[in-house]
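Sequence plus the predicted model coming up.
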Amino acid sequence: MTSINAAQSSAATSATVAIRGSAGSAQTNSQPAAATAKPGPASTVVATVVSLSATATAATTAAKEPSMGKKDFATVAKDARASLDTAFEKMGRTADNHTTDAEWKTAVAGLDRRALYAIASNQGGNFSDLEQGLAKYTMSKQVDTAMGLDNLAAAANQTSAMSKAEIQFLEGVSDEEKTSIDWAKRRASSQFTYEFLSEREGKEPENLDSENPIVKLLKGGIDRLKQMGDPSQQLEDTPQYKQAVQLSEQLKATNAPNPSATSGHKIDITA
């Protein structure tokens, strides 16, 4: 599990972006790990204004899919399983360690982010470790695209606007995904990075606090590490992280399918 080192210089504390990649990222034999841009030292970096591309803007908008009125999550997972099986059957193969990036993209081309999360979280226990990893990788790349990290110049000069785009994308995902500790880690890290970069650019950061209690706990843990200034301490060592993990498991249990129910549960993830 990726973690953050608490103490370094004030500029280096922005390295919390390193934990961001654990939310929906995975490395497989056929895909490289998603790149993560880190701000450089404040004394040597001049803020660069990078406008988000049309692709990034579209990716951010595409994440805003309300869960209300949609099929329950168990059905989403079953449909995702059937879709994958059909796609790979047409290719005359199954998903394995030799699956290429192009083949995986073809297999999930018709799936939205909620379906990808069903695969990544192994909803119903019907997805292989490889499929879960590939889905997580795809989800991470979606966030990177929304930030504009597919633009090399932008990736080398991360700005507060890019971190804000990341936050907006993450806020638009499904309620089910928002119960996961990985999502909360990336959401908390993106806010910390946004605040840091805004201050470095001489701007007053907007209040982008999350209402999600898991995010609140993790953001508190990150802030605690910054205050402690102890490089031996990691996010996972903080009491806030342990509480966040427990709460995540409780929320997932709340969302577990009920055989006697006729529709999915409504998750309250606000505090």
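Yep, it's here.

So, low pLDDT: which residues of the stretch 51-200 of the chain?
51-69 (pLDDT under 70).

The same query, at a cut-off of 80, please.
51-70 (pLDDT under 80).

In the helix or strand containing Gln243, which residues are buried?
Per DSSP states H and E, Gln243 falls inside helix 239-254. Within helix 239-254, the residues that count as buried by 16 or more other C-beta atoms under 10 Å are 240-241, 243-245, 247-248, 251. C-beta: built from backbone N, CA, C; applies to glycine.

and which of those is nearest to Ser128?
Nearest to Ser128 among the buried residues of helix 239-254 is Ser248, at 23.0 Å by C-beta to C-beta.

what's the distance between that closest one and Gln191?
17 Å (C-beta to C-beta, to the nearest Å).

before we move on, what about Leu111?
Distance, Leu111 to Gln191, by C-beta to C-beta: 28 Å.

Of these two, give the one with the bigger neighbour count.
The neighbour count for Leu111 versus Gln191, taken as other C-beta atoms under 10 Å, is higher for Gln191 (25 against 20).

The more buried one: what secondary structure?
helix (DSSP: H, G, I helix; E, B strand; the rest coil).

Quick one: residues contacting it.
Applying C-beta atoms under 8 Å, 6 or more residues apart in numbering to Gln191 gives the contacts 163, 167, 208-210, 215, 219.

among those residues, which are in helices?
163, 167, 215, 219 (DSSP state H).

Could you list every helix and strand in contact with the helix holding Gln243?
Applying 3 or more C-beta pairs under 8 Å, 6 or more residues apart in numbering; DSSP states H and E, one finds that helix 239-254 contacts helix 181-200, helix 213-228.

Restrict the last one to CA atoms and write it as CSV.
C-alpha atoms of helix 213-228 as CSV (Å, rounded to 0.1, in the frame of the first residue of the first chain):
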residue,chain,number,x,y,z
PRO,A,213,-16.8,11.1,6.7
ILE,A,214,-14.1,8.8,5.4
VAL,A,215,-12.5,11.6,3.5
LYS,A,216,-12.7,13.9,6.5
LEU,A,217,-10.9,11.4,8.7
LEU,A,218,-8.1,10.8,6.1
LYS,A,219,-7.7,14.5,5.4
GLY,A,220,-7.3,15.0,9.2
GLY,A,221,-4.7,12.3,9.2
ILE,A,222,-2.7,14.0,6.4
ASP,A,223,-2.9,17.3,8.2
ARG,A,224,-1.7,15.6,11.4
LEU,A,225,1.3,14.2,9.6
LYS,A,226,2.2,17.6,8.2
GLN,A,227,2.0,19.1,11.7
MET,A,228,4.1,16.3,13.3
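
Switch the buried residues of helix 239-254 over to TSV; also include pLDDT and distance to Ala80.
Below are these laid out as TSV (pLDDT from 0 to 100; distance: C-beta to C-beta, whole Å):
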residue	pLDDT	distance to Ala80
Gln240	94	33
Tyr241	94	30
Gln243	95	31
Ala244	94	27
Val245	94	26
Leu247	91	26
Ser248	91	22
Leu251	85	21
